[in-house]
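*Asks:* one predicted model, sequence on top.
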Amino acid sequence: MLDLLRNIRYPLVHTAIRGGTVLVVLVVGGALALRRLAICAVPGWVQRRTLRRIVTSNANSEFGRTHGFEYIDDYEAYTRLVPAGDYECFRPWINRSLAEQCNLLACVDIYRVSATSGTTGRPKQILQSKKLFRTEYLEYTAAILLRILLSNPLVLMRPLGIVASASEARRLNGFEGGNAANTLYRTSPFRRLAALSPALFDVPRGRARYYYFALFIMAARCRCIITPNPTTVLEIIDVGREHEQRVRADLDGELTNWFDLPEEVWTSLVEAWEDMSHDRADQSSGYILFADVRLVVTWTSGSCGYFARHLREQLDNVRVAELGYLATDSPICVPIGAGTNQVLAADSVFAEFLPVAGDDQQPRLYHELEEGQAYEIQLTNRYGLYRYAIRDIVQVTGRVLASPVFHFLRKSDGFSNITGEKLSEDQLCAAMERVESRIGSPINFFVSVPDLVSRRYEIFCDVECLEERLTSQAISELLDHELCELNVEYHSKRRDGRLNMLRVVRLEPGAATRYKHALLNRGARDIQFKVVHVQNNASNRSLLQSLALLER
């Protein structure tokens, strides 16, 4: 009888907790959304106020004194006294701040130091304040949860499958280090909505971690998965299918240490499994991977857009929603509404936008942006980054009241130029989608590398095509034709012979996973990992050649 009452009580208690949390999301998220709409009505005024607040509050920092913040009273003075620059301009200041254990860039605390490899260049260390996690990230989280609630209210009545990064925690000069997303997940007040224990993120990187992601998501019958990178979900699906029998055994019996995990990690994992035992649904009726999933919230633009489309094809009856534009370096956007709209976090950061096209390269302010145009962002935030070129290009797609709506297009380094054709990542992705449609076979992975000696591009790709006519040469001709259609400069250079026809190199099945793991072993970060489809140098050619498929 006690067991029966316990089995009834636990689901009721958990349902009540989730129901209460959903109500909090509706109230808090709704209130913040109304506040955001008010800000959207006057973006120019809000941006001017944000710049004044940032400059005034940080005038007594060493960086502020060095750059004459006390003399800045408008945007023109700001641009005159503070030079624009990339992360390398701030690296010496950040290194000194860590050495002296004091933020020299801004008058804020150093709560933690977030490491990020980004997609290009040397690893970066980002100084983060406690206020960042208590305000900006909190609003961002509430906005995402409200988007989920508006998209499908029922998904929040089951635990969320939130897949965060590994902690990678290590202290830097006495400060907590590691990944910001992991810290946000562990400390979020909405943590009770999640099915996955932080113990899963301590599982060593590789197939084991993705296996337990799949297992816990299946056991909790999650209706929604949230993760920045769609390739993470694709890999969870692959590993879940590969180890289907093991998953069945774990769901129907006791957890088994299939991957010989270290004792400390395994003990934490078993405790997490037992903690959710009363919330697990009976799986004995059958095994269908992600049968209950109805929504995946992830990045759907830039280089991730190609894989988000493949994710839609992998999961039937599942909607893929936009997670929103967020960088470790700084909060940038706030999702608004149930769709894909996102607006600048105009009351948190000040932004300048450099036009990508045209001869006029004067920075535009947020309220001056034109619909349909692409811009590179320079950010100023309250935590010590000023006129910071984050190497991101966004495109304006519309407006919410007076505020431009934009989505991430690509990294500014996501293009290659051999003879003036300026091949960009979004063009190559669009061309690949057209080729997929024409050959009727999926292209699971592709990377373009310039061959300067031969004046052509080598396109390394994993193509699922069994017909003999679909040779590498045939695919090369199709792709070359599509790029000529999409890029007039590419077409011009091909027509006059300055650029030779590209060469497609077929890769072995599963090359994407091996490529990713090779770069992770070089220091890239797991959940944050993005495939750079258009590379502007040949540094990864030998790695890609080692994955090539020998064709007869």
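*Replies:* Yes, it's here. Numbering: from 1, shown residues only.
*Asks:* where does the residue nearest in space to the middle of the chain land in three-state SS?
*Replies:* Against the mean C-alpha coordinate of the chain, by CA atoms, centre = their mean, the closest residue is residue 228 at 3.9 Å. Secondary structure, DSSP: H, G, I helix; E, B strand; the rest coil: residue 228 is coil.
*Asks:* that one touches residue 301, doesn't it?
*Replies:* No. With contacts counted by CB atoms under 8 Å, residue 228 stays clear of residue 301, the gap being 12.0 Å. Bear in mind the C-beta positions are built from the backbone N, C-alpha and C, glycine included.
*Asks:* which neighbours do these two share?
*Replies:* Residues touching both residue 228 and residue 301 (CB atoms under 8 Å, 6 or more residues apart in numbering): there are none.
*Asks:* quick one: name whatever helix or strand follows the lengthiest strand in the chain.
*Replies:* The strand that spans the most residues within the chain, counting by DSSP state E, is strand 388-400. Note on strand 388-400: by DSSP states H and E, the next helix or strand toward the C-terminus is strand 403-411.
*Asks:* quick one, what contacts residue 417?
*Replies:* So residue 417 contacts 423, 536 (CB under 8 Å, 6+ apart).
*Asks:* check residue 73 too.
*Replies:* Neighbours of residue 73 in contact, by CB under 8 Å, 6+ apart: residue 52.
*Asks:* again, but for residue 100
*Replies:* So residue 100 contacts nothing (CB under 8 Å, 6+ apart).
*Asks:* against residue 94, how distant is it?
*Replies:* 11 Å (CB to CB, to the nearest Å).
*Asks:* cool, residue 486 as well?
*Replies:* Counting by CB to CB, the gap from residue 486 to residue 94 is 40 Å.
*Asks:* please apply the same query to residue 447.
*Replies:* Distance from residue 447 to residue 94, by CB to CB: 31 Å.
*Asks:* neighbour count: these two, which is higher?
*Replies:* residue 447 (24 against 21; other CB atoms under 10 Å).
*Asks:* the more buried one belongs to a strand, doesn't it?
*Replies:* Yes. Assigned with three-state DSSP, residue 447 falls within a strand.
*Asks:* show me where the stretch 451-552 of the chain has strands.
*Replies:* Under the criterion DSSP state E, counting those that start in this stretch, strands of the stretch 451-552 of the chain are mapped to 456-463, 503-506.
*Asks:* please identify the most buried of the ones you listed.
*Replies:* Here the criterion is mean neighbour count by mean count of other CB atoms under 10 Å, and of the strands of the stretch 451-552 of the chain the winner is strand 456-463, at a mean of 23.
*Asks:* each with direction, which strands does that one pair with?
*Replies:* strand 443-451 (antiparallel), strand 503-506 (parallel) (DSSP bridges).
*Asks:* what sits up against the shortest one?
*Replies:* The reference is to strand 503-506. So strand 503-506 is contacted by 451, 456-463, 472-473, 475-476, 479, 544-545, 548-549, 551 (CB under 8 Å, 6+ apart).
*Asks:* how far away is residue 90 from residue 411?
*Replies:* On the measure of CB to CB, residue 90 and residue 411 end up 18 Å apart.
*Asks:* hmm, I was thinking of residue 548
*Replies:* Following CB to CB, the distance that separates residue 548 from residue 411 is 26 Å.
*Asks:* now swap in residue 446 and tell me
*Replies:* 17 Å.
*Asks:* neighbour count: those two, which is higher?
*Replies:* residue 446 (25 against 22).
*Asks:* wait, residue 206 touches residue 514, no?
*Replies:* No. Applying CB under 8 Å, one finds residue 206 not in contact with residue 514, separated by 11.8 Å.
*Asks:* how about residue 327, phi and psi?
*Replies:* Main-chain dihedrals, residue 327, degrees, to the nearest 10: phi -120, psi 150.
*Asks:* nearest residue to it other than its sequence neighbours?
*Replies:* Using CB to CB, 6 or more residues apart in numbering and skipping the chain neighbours, the partner closest in space to residue 327 is residue 390 (6.2 Å).
*Asks:* same check, this time on residue 414
*Replies:* Per CB to CB, 6+ apart, closest to residue 414 is residue 425, 3.7 Å.
*Asks:* now do residue 41
*Replies:* residue 401 is the one closest to residue 41 (CB to CB, 6+ apart), at 4.7 Å.
*Asks:* hmm, residue 162 and residue 185 touching each other?
*Replies:* Yes. The pair residue 185 / residue 162 is scored as a contact, 6.1 Å apart, by CB under 8 Å.
*Asks:* now the stretch 151-300 of the chain, which segments are flagged as low pLDDT?
*Replies:* 164-182, 205, 277-287 (pLDDT under 70).
*Asks:* meant to ask about the stretch 351-500 of the chain
*Replies:* Looking at the stretch 351-500 of the chain by pLDDT under 70, you get 465-469, 496.
*Asks:* picking that back up, please name the residues that touch the residue nearest to residue 41.
*Replies:* Applying CB under 8 Å, 6+ apart, the residues contacting residue 401 are 37, 40, 41.
*Asks:* ok, so what distance separates the second one from residue 337?
*Replies:* Using CB to CB, one gets 11 Å for the distance from residue 40 to residue 337.
*Asks:* so where do the helices sit in the stretch 51-200 of the chain?
*Replies:* 62-66, 75-81, 87-100, 130-131, 137-151, 180-187 (DSSP state H, counting those that start in this stretch).
*Asks:* in CSV: those, plus distance to residue 54.
*Replies:* Formatted as CSV, the helices of the stretch 51-200 of the chain follow (distance: least, CB to CB, whole Å):
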stretch, distance to residue 54
helix 62-66, 10
helix 75-81, 9
helix 87-100, 15
helix 130-131, 13
helix 137-151, 17
helix 180-187, 20
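*Asks:* closest one to residue 288 among the ones you listed?
*Replies:* With CB to CB as the criterion, residue 288 lies closest to helix 137-151 of the helices of the stretch 51-200 of the chain, at 22.4 Å.
*Asks:* please state the offset of the closest one from the chain centre?
*Replies:* With CA atoms, centre = their mean, to the nearest Å as the basis, helix 137-151 stands 16 Å off its chain's centre.
*Asks:* for stretch 371-385, same thing?
*Replies:* Using CA atoms, centre = their mean, the offset of stretch 371-385 from its chain centre is 17 Å.
*Asks:* phi, psi of residue 350?
*Replies:* Here residue 350 shows phi and psi, under degrees, to the nearest 10, equal to phi -110, psi 130.
*Asks:* ok, residue 67 next?
*Replies:* phi -100, psi 10.
*Asks:* which stretches of the stretch 151-300 of the chain form strands?
*Replies:* 161-162, 224-226, 295-298.
*Asks:* need these in a markdown table with mean neighbour count and distance to residue 51, can you?
*Replies:* Formatted as a markdown table, these follow (neighbours: other CB atoms under 10 Å; distance: least, CB to CB, whole Å):
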| stretch | mean neighbour count | distance to residue 51 |
| --- | --- | --- |
| strand 161-162 | 24 | 34 |
| strand 224-226 | 27 | 33 |
| strand 295-298 | 23 | 32 |
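*Asks:* look at residue 40 and residue 337 and report which has more neighbours.
*Replies:* residue 40 (21 against 18).
*Asks:* what helix or strand is the more buried one located in?
*Replies:* helix 30-41.
*Asks:* what helices or strands is that helix leaning on?
*Replies:* Under the contact criterion of 3 or more CB pairs under 8 Å, 6 or more residues apart in numbering; DSSP states H and E, helix 30-41 touches helix 137-151, strand 403-411.
*Asks:* which residues touch that helix?
*Replies:* 46, 139, 142-143, 146, 334, 336-337, 343, 346-347, 400-403.
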